[in-house]
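Asker: structure, please.
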Amino acid sequence: MELLTPGTGLIIWQLIVFVGLFFLLSKLAWKPIISSLKERETSIQEALSTAEKARLEMAQLKSDNEKLLKEAREERDVILRQAREASNRLKEDAQLEAKKSADKIIEEARAAINIEKQAALKEVRIQVAMFSLEVAEKLMKKNLSDDKAQKELVESYVKEIKAN
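Answerer: Below is the predicted model of the structure:
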């Protein structure tokens, strides 16, 4: 068991070496290690802060994007509604104009038909009058050729005049 228990001199030398090594490390290596750890902690903190800012910015951009999309959809709907209304107005105006034009054409056709009808009636009256005159002339020639017929005709005219 002696081999397992160290001697007093060995313990003192180990203590002196440990204290010397601790002093040497604290003077030479401890500050760079601590500063390196602080730099690492600072860079990690900055990276986390930057990531949080980027996340917030992305959320803001997403919100702005959704807002813009909503506005664009609303504007699209307004434009489509206005286009439909304009189309319907144009359609109604075109139908109204076509109806007015058709009514005007019908009215002009009726007027032309009436003018033609009046002209045709006038022509027919003239022809009837001409035929009547010709017939009357022929009858008169035939009837007036004899004296008795002339007297009867004159008497009938006189009676007619007296009746009126």
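Asker: how much space between residue 26 and residue 20?
Answerer: With distances taken as CB to CB, to the nearest Å, residue 26 is found 11 Å from residue 20. C-beta: built from backbone N, CA, C; applies to glycine.
Asker: joint contacts of the two?
Answerer: Counting by CB atoms under 8 Å, 6 or more residues apart in numbering, no residue touches both residue 26 and residue 20.
Asker: what about the longest helix that the chain contains, distance to the chain center?
Answerer: When the chain is parsed with DSSP state H, its longest helix is helix 30-144. Centre-to-centre, helix 30-144 and its host chain are 8 Å apart (CA atoms, centre = their mean, to the nearest Å).
Asker: counting by contacts, list what that helix packs against.
Answerer: Packing contacts for helix 30-144, counted by 3 or more CB pairs under 8 Å, 6 or more residues apart in numbering; DSSP states H and E, involve helix 147-163.
Asker: swap the cut-off to 10 Å and go again
Answerer: Counting contacts by 3 or more CB pairs under 10 Å, 6 or more residues apart in numbering; DSSP states H and E, helix 30-144 packs against helix 8-28, helix 147-163.
Asker: now do it and helix 8-28, the angle between them.
Answerer: Angle, helix 30-144 to helix 8-28, by axes from the mean of the first three to the mean of the last three CA atoms, to 10 degrees: 40 degrees.
Asker: ok, back up a step: can I get the helices and strands packed on helix 30-144 in TSV with distance to residue 53, mean neighbour count and mean pLDDT?
Answerer: Below are the helices and strands packed on helix 30-144 laid out as TSV (distance: least, CB to CB, whole Å; neighbours: other CB atoms under 10 Å; pLDDT from 0 to 100):
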stretch	distance to residue 53	mean neighbour count	mean pLDDT
helix 8-28	38	10	90
helix 147-163	124	10	72
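Asker: could I get those helices as a markdown table with distance to residue 54?
Answerer: Conversion of the helices and strands packed on helix 30-144 to a markdown table gives the following (distance: least, CB to CB, whole Å):
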| stretch | distance to residue 54 |
| --- | --- |
| helix 8-28 | 40 |
| helix 147-163 | 123 |
